[in-house]
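Visitor: kindly generate the corresponding structure for this input.
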Amino acid sequence: MKRSCLQRCTISRIFGWLQLVLGVLVVVASVTSLLRFYHAGLLNLHDDESCSHFHRERTSLEFSSRLQDLHFKVQDLQKKVENAVKEMEKNGEPKDPRVFKSEYDKYKKFLVDDVKGPLDVLKLSLQQIGPSAVQEVGESSVDQTQQQEVEGDPLEHFFLNEELRKYLQVKENRLGKLNPLGANGTYTTIGHACVLMKKELEIYMNYDIGGYCKDDWNLGQKLMIQGCDPLPRRRCLARAPRLFQKPLPINESLWKVPDNRNIRWDNYQCRDFACLMSNKTNKGFFKCSGCFNLAQSEAPKWVRNTTSIADFLIADVLSIKPGEIRIGFDFSVGVGTFAARMREHNVTIVSAALNLGAPFNEMIALRGLVPLYITINQRLPFFDNTLDLIHTGGILDAWIDLQLLDFIVFDWDRVLRPGGFLWLDKFFCTRRDLDDYLYMFLQLRYKKHKWVVSPKSYTEVYFSALLEKPPRPF
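Guide: The predicted structure is shown next:
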């Protein structure tokens, strides 16, 4: 009896000590875990970052699991469709006369174009999005600085169009060496507003590689004007006039109307130069209604005196600094007449132009001048302090926002060299807004060679000025 009681007591003590040791281990483990959570800043339940830490971890795991499951399903479905297409090609056309060939071709085309094609794109999207997206979610919970180090273009996975995605991918240099520009890769760019016009941009980039581009330059120009500028490059052949004629020599082309066959008229209301030069009101453009009439409307500009004191003559402007004005930029609406007149004085002018209802760019080029297809959204593609002259007229008027004009004016100042001319040609606005617009130019503290304000109507005025950029040695 004593021996059995002693055994039971010994066993009870052993189990008691084991329970005590296990309890101590549990307490130590709990305290250690709490300390780790405390040092990680995760015990503050009122801290948004701390609370969201668990959410990000959970989201990353769920996202990874669902993405992997979806990838397997798409891959399995793609194999089934591919097998069905191969089986149809192997068996050939149905021998049963009740099955029409057109229905067979229609069904095969449906499988290839509407099922297999989107599946290929979706599979590629999952392969490219999956690892990077999961990695971003995971890394964001560890270190915020690592989240900002994103390899590749962030817009690469935003668009579904495969050609657009290829364009946006970072192009690494071959052999792993720096290129002559000093970079280890090429980052192709698009305008940030392209994100807001995703549907239109993907339509624009939908073409056959190596084939002819669609006649959709008007869609491209719409994208540019609304901020999707620059546009992505395309790997298709641009359409040209069917019967393009040899251009005229330079001594004739400046003041002679080009051949109608040298223009693609499909996207214009007028279909020849006779319509553009007429007095019709529905020609498709309005800003310079007579600018295609070279002999009557354009020839007198900047060389003959007019009744308006806001009109300056080219000869008077160039006489202020003889021989110093050699190259410049014309930011106006027109067909390059200002550049043509300056060419007669051995001054080279690049003319900005958009095809706003008429072939302005083609007209400038056919006259033997240089058009620059650019919008007001973009920084001028010239280096600092390089141009002798900037001329503007007919486009930047009272409609423009003051802050936008402020950015544009300072960009002009950037590319003008010290001693260069800024020629404001009949800028018009309301009398009420005149002081606000004048300040945009006065703030540059340019030297005034000419400064004229003349009435346009009872409520509007013209403003013309010839300003010289001062030297800035510091």
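Visitor: for the chain, name the helix or strand with the lowest mean pLDDT.
Guide: None of the helices or strands of the chain scores lower by mean pLDDT, DSSP states H and E than helix 144-147, at a mean of 39.
Visitor: after that one comes which helix or strand?
Guide: Using DSSP states H and E, the helix or strand that follows helix 144-147 towards the C-terminus is helix 162-168.
Visitor: so for that next one, what's the average pLDDT?
Guide: Averaged over helix 162-168, pLDDT sits at 86.
Visitor: buried stuff in that helix?
Guide: Residues 162-165, 167-168 are the ones in helix 162-168 that count as buried (16 or more other Cβ atoms under 10 Å). Placement of C-beta: from N, CA and C, glycine included.
Visitor: columns distance to D311 on top of those residues, output as JSON lines?
Guide: Formatted as JSON lines, the buried residues of helix 162-168 follow (distance: Cβ to Cβ, whole Å):
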{"residue": "E162", "distance to D311": "54"}
{"residue": "E163", "distance to D311": "49"}
{"residue": "L164", "distance to D311": "47"}
{"residue": "R165", "distance to D311": "52"}
{"residue": "Y167", "distance to D311": "46"}
{"residue": "L168", "distance to D311": "48"}
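Visitor: for stretch 326-343, buried residues please.
Guide: Neighbour count says stretch 326-343 has 327-343 buried, by 16+ other Cβ under 10 Å.
Visitor: ok, stretch 405-417 next?
Guide: Neighbour-count burial for stretch 405-417, counted by 16+ other Cβ under 10 Å, picks out 405, 408-409, 411-413, 415-417.
Visitor: which of those residues lies closest to M224?
Guide: Nearest to M224 among the buried residues of stretch 405-417 is I408, at 16.3 Å by Cβ to Cβ.
Visitor: residues contacting that closest one?
Guide: Contacts for I408 were tallied using Cβ atoms under 8 Å, 6 or more residues apart in numbering; they are 376, 396.
Visitor: in three-state terms, how would it be classified?
Guide: The three-state label given to I408 by DSSP: H, G, I helix; E, B strand; the rest coil is helix.
Visitor: swap in the one 10 residues further on?
Guide: The three-state assignment at P418 reads strand, by three-state DSSP.
Visitor: please shift the residue numbers so they start at 11 in all later answers.
Guide: Taking 11 as the first residue, the last one we looked at is P428.
Visitor: measure it to R482 for me?
Guide: Counting by Cβ to Cβ, to the nearest Å, the separation of P428 from R482 is 7 Å.
Visitor: who's more crowded, these two?
Guide: P428 (11 against 8; other Cβ atoms under 10 Å).
Visitor: go ahead and confirm the more buried one touches D394.
Guide: No - counting by Cβ atoms under 8 Å, P428 does not reach D394; the two are 10.8 Å apart.
Visitor: next, give phi and psi for N272.
Guide: Dihedral pair for N272: phi -90, psi 10, per degrees, to the nearest 10.
Visitor: quick one: contacts for it?
Guide: N272 touches 251, 254-255, 257, 372, 376, counting by Cβ under 8 Å, 6+ apart.
Visitor: R252 now?
Guide: For R252, the contacting residues are R271, by Cβ under 8 Å, 6+ apart.
Visitor: one more: Y456?
Guide: Contacts of Y456 (Cβ under 8 Å, 6+ apart): 432, 477-480.
Visitor: quick one, which of those are buried?
Guide: Buried members of the contacts of Y456, counted by 16+ other Cβ under 10 Å: 432, 477-479.
Visitor: could you dump those residues to a markdown table with pLDDT?
Guide: Putting the buried ones among the contacts of Y456 into a markdown table (pLDDT from 0 to 100) gives the following:
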| residue | pLDDT |
| --- | --- |
| L432 | 97 |
| L477 | 97 |
| E478 | 97 |
| K479 | 97 |
